[in-house]
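Visitor: quick one, what's the 3D model for this:
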Amino acid sequence: MIAVVDYEAGNLKSVETALEHLGADFIISSDPLVLAEADKMIFPGVGEAAQAMAVLTKSGLDRVIKDFAATGKPLLGICLGSQILFDHSEESDTDCLGILPGRVRRFSSKMGLKIPHMGWNTLTHSEHPLFKTLPQDKSFYFVHSYYVEPQDEADIIGSSDYGHSFTAAVSRGNVMATQFHPEKSGEWGLLILKNFINL
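Guide: Now for the predicted structure:
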């Protein structure tokens, strides 16, 4: 069973719809016991890093997610959920979960591009199981002003471009994350979620 973390900052309806479409066995929950017993975890997120971390810390879900990551079971972060898996975010100078080594940076306004980066953008990816049978340069849906900067470049499994190349997907052991929203990215996003289900 897949547990989807409910912490008042997730785009839960879109994730729920996508998982239902794929026929996945899943539950949306904020119950630590339910989350701990799951076979896989999806950690979505929309919003602001400091606010999300405050909710996670107050509810104790920060420890639940860290403990789950330590079990070796597959964990997928999405958008804000991917960012706060890292050590620190420039958004409100926020200390995050520290599951993945690295920082979260803000897109520079000096690029002359609109921030947030919003809409469809292409993905160049590695041969990671999350991207099994996924062609290169397919488009995925992004909404973000910040992007992750892993400490170890070997953790980068997908990149996109907005003024400069940025990390769009990461993987370290059992922990994976995408900056884009697979649940809002049509057939190719569903393929990624299906690959995660089948891990």
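Visitor: check contacts around the residue nearest in space to the middle of the chain.
Guide: Centroid-nearest residue in the chain, with C-alpha atoms, centre = their mean: residue 78, separated by 2.2 Å. By C-beta atoms under 8 Å, 6 or more residues apart in numbering, residue 78 lies in contact with 11, 15, 42-45, 177-178, 181-183. Placement of C-beta: from N, CA and C, glycine included.
Visitor: which one is residue 109 nearest to, not counting chain neighbours?
Guide: Nearest residue to residue 109, sequence neighbours excluded (C-beta to C-beta, 6 or more residues apart in numbering): residue 115, at 6.3 Å.
Visitor: distance of the one you found relative to residue 142?
Guide: 12 Å (C-beta to C-beta, to the nearest Å).
Visitor: these two: which is more packed in?
Guide: Using other C-beta atoms under 10 Å as the criterion, residue 115 and residue 142 rank with residue 142 on top: 24 against 15.
Visitor: is the more buried one in a bridge, and if so with what?
Guide: For residue 142, the beta-bridge partners under DSSP bridges are residue 119.
Visitor: check the one 5 residues further on too.
Guide: Beta-bridge partners recorded for residue 147 (DSSP bridges): residue 105.
Visitor: from what I can see it touches residue 166, true?
Guide: Yes. With contact defined as C-beta atoms under 8 Å, residue 147 reaches residue 166; the gap is 4.3 Å.
Visitor: so for these two, which residues contact both of them?
Guide: 107, 179.
Visitor: which residues in the protein form helices?
Guide: Secondary structure of the chain (DSSP state H): helices at 12-21, 32-37, 49-59, 61-71, 80-83, 186-197.
Visitor: what mean pLDDT does the second one get?
Guide: Put plainly, it is helix 32-37. Computed over helix 32-37, the mean pLDDT rounds to 96.
Visitor: so what secondary structure elements neighbour it?
Guide: strand 2-5, helix 61-71 (3 or more C-beta pairs under 8 Å, 6 or more residues apart in numbering; DSSP states H and E).
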